[in-house]
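**Student:** coords please:
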Amino acid sequence: MISVVSTSRADTLALGGLVADVLIPGDTVVLTGELGGGKTAFVTGAVQGLGSEDLVSSPTFAIVQEYFGPVVIAHADWYRIGHAQELFDIGFEELLDGSRVVFVEWGDRALEIVPDCYLQVSFRHRANIDERDITLVGQGPQWQDRIVGLQRSIRAAEKFLATDATL
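**Tutor:** Okay, the predicted model is just below:
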């Protein structure tokens, strides 16, 4: 587990970019947290870090948007999803074919459709309106070594108020 404090949108964008450095096609990133927590800002930084110049916006009403660059990226928002069957009905599982990196905002609403191995990124507001506690947890064996490398990258960036790792 990695815990950081983001003091600004720029920090959250930068963290997304650092995470992008360890992502490969087939990876799924599940984002959880409150409204306005920084999920879309994080995805924006990751999309840029993955080399796409596409404009990122929250796909709340579209459910899924794709961005293109060296890697194809799917960005989903499950805020309006009531249950997993809705995702099966629209064929969401086809996006998990291993050919793209998939980001899922509000992914905890239907974890049964998410692969067993994924990166969970959780956002929580702090008392200061601009600050967020962000926690990254690798789920599954493929994330064990990658989370260690990501921790090193975050520490080297020296951009965040605090970093803590429990590996």
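
**Student:** Arg124 against Glu34, yeah?
**Tutor:** Yes: at 7.0 Å, Arg124 and Glu34 qualify as touching, with contact defined as CB atoms under 8 Å. (C-beta placed from N, C-alpha, C; glycine too.)

**Student:** identify the residues contacting the nearest residue to Arg100 once chain neighbours are set aside.
**Tutor:** Residue nearest to Arg100 in three dimensions, not counting chain neighbours: Val72, with 4.0 Å by CB to CB, 6 or more residues apart in numbering. Shown in contact with Val72 (CB atoms under 8 Å, 6 or more residues apart in numbering): Pro25, Glu66, Ser99, Arg100, Val101.

**Student:** next one: the first one from Asp11, what distance?
**Tutor:** Between Pro25 and Asp11 the computed distance is 27 Å (CB to CB, to the nearest Å).

**Student:** between those two, point out the one with more neighbours.
**Tutor:** A direct count of neighbours by other CB atoms under 10 Å for Pro25 and Asp11 places Asp11 higher, at 23 against 15.

**Student:** which helix or which strand is home to that one?
**Tutor:** Per DSSP states H and E: Asp11 is located in helix 9-20.

**Student:** now that helix, how far from the centre of its chain.
**Tutor:** With CA atoms, centre = their mean, to the nearest Å as the basis, helix 9-20 stands 10 Å off its chain's centre.

**Student:** counting by contacts, list what that helix packs against.
**Tutor:** strand 2-6, helix 39-49, strand 132-139, helix 143-157 (3 or more CB pairs under 8 Å, 6 or more residues apart in numbering; DSSP states H and E).

**Student:** how about the contacts made by the residue nearest to Gly37 when sequence neighbours are not counted?
**Tutor:** Nearest non-adjacent residue to Gly37, counting by CB to CB, 6+ apart: Phe123, 3.4 Å away. Listed by CB under 8 Å, 6+ apart, the contact set of Phe123 reads Leu31, Thr32, Gly33, Glu34, Gly37, Gly38, Lys39, Phe42, Arg132, Asp133, Ile134.
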